[in-house]
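Colleague: The following comprises the amino acid sequence and a computationally predicted model.
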Amino acid sequence: MLGLAHDTDPAWVGIAAGDLPGLLADHAHCELKAAQSALSLLARFSGEHPHLVEPLVALAQEETEHFQRVEQQLESHGGVLGMPEVDGYVRDLTATARRDHKNFPMLLDRLLISALIEARSAERFHLLAEHLPEAELRAFYADLLASEARHYRLFRDLAEQSFGEDAARARFTTLSQREAEVAAALPLAPTVHG
Ligand SMILES: [Fe+2]
Ligand SMILES: [Fe+2]
């Protein structure tokens, strides 16, 4: 699905459903981190690549709105937003790109890693939209799934526009294989990427 080379173990959804406040708190932080990442890409790269401004401003706004919606679900499920924790998946994925990142433009890797994170989120939201017991949350995740799948395509398109189709696709294939190793190695947990 969406360029991913490894399917999430279906047992994950039962673990996530068993701790909805924990899942929603982690998810709320993921949305904030997505907004922050879009803003950080703008700060670092939009001078050299002004075509990033419009889509990434819109993305930061949309991810901030997602944060607000997830935070409302968190409150209504009796959870509290704690301090953000390190996302082991994002940390390990970023580390795998560093193995040979000097051979590739930094922006290319940042865009493709963002595409993979969006794709993995969409894959997980698909499982939640299919299997959570609560109908309202299933609909909530079905809606977010469509947004994150669109963001996956946005980041791949931006990578291809900025660096050419062939270069972006070849690097995506490499990073997608490494993402599969990272995702398969993490223990299953009630978090979006765990
Ligand atoms: Fe989002
Ligand atoms: Fe997203």
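Modeller: Now that the structure is in, tell me what you want to look at. Numbering: from 1, shown residues only. Ligands and ions are numbered 1, 2, ... in the order given.

Colleague: which residues sit in contact with the closest residue to ligand 2 within the chain?
Modeller: Residue nearest to ligand 2 within the chain: residue 151 (3.7 Å; Cβ to the ion). Where C-beta positions appear, they are placed from N, C-alpha and C, glycine not excepted. Residues near residue 151 by Cβ atoms under 8 Å, 6 or more residues apart in numbering: 34, 59, 114, 118.

Colleague: give me phi/psi at it?
Modeller: Backbone geometry at residue 151, expressed as degrees, to the nearest 10, gives phi -70, psi -40.

Colleague: okay, the contacts of residue 151 in TSV with secondary structure next?
Modeller: Output for these, formatted as TSV (DSSP: H, G, I helix; E, B strand; the rest coil):
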residue	secondary structure
34	helix
59	helix
114	helix
118	helix
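
Colleague: Take those and write them to CSV, including neighbour count and pLDDT.
Modeller: Below are the contacts of residue 151 laid out as CSV (neighbours: other Cβ atoms under 10 Å; pLDDT from 0 to 100):
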residue, neighbour count, pLDDT
34, 23, 98
59, 26, 98
114, 24, 98
118, 23, 98
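
Colleague: Would you reformat those residues as a markdown table and include distance to ligand 1?
Modeller: Shown next, in a markdown table, are the contacts of residue 151 (distance: Cβ to the ion, whole Å):
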| residue | distance to ligand 1 |
| --- | --- |
| 34 | 5 |
| 59 | 9 |
| 114 | 11 |
| 118 | 8 |
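
Colleague: Please tabulate these in TSV, including the columns distance to residue 76.
Modeller: Listed next are the contacts of residue 151 as TSV, based on distance: Cβ to Cβ, whole Å:
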residue	distance to residue 76
34	22
59	26
114	29
118	26
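
Colleague: Okay, buried residues for the one helix or strand residue 38 maps to please.
Modeller: Assigned by DSSP states H and E, residue 38 belongs to helix 20-45. For helix 20-45, burial by neighbour count (16 or more other Cβ atoms under 10 Å) applies to 20-35, 37-39, 41-42, 45.

Colleague: Who are the contact partners of residue 123?
Modeller: So residue 123 contacts 1, 2, 4, 7, 8 (Cβ under 8 Å, 6+ apart).

Colleague: out of these, what pair is the most spread apart?
Modeller: 2 and 8 (12.1 Å; Cβ to Cβ).

Colleague: Now residue 191: which helix or strand?
Modeller: Per DSSP H and E, there is no helix or strand for residue 191.

Colleague: From what I see, it and residue 22 are in contact.
Modeller: Yes: Residue 191 lies in contact with residue 22 (Cβ atoms under 8 Å); the separation is 7.2 Å.
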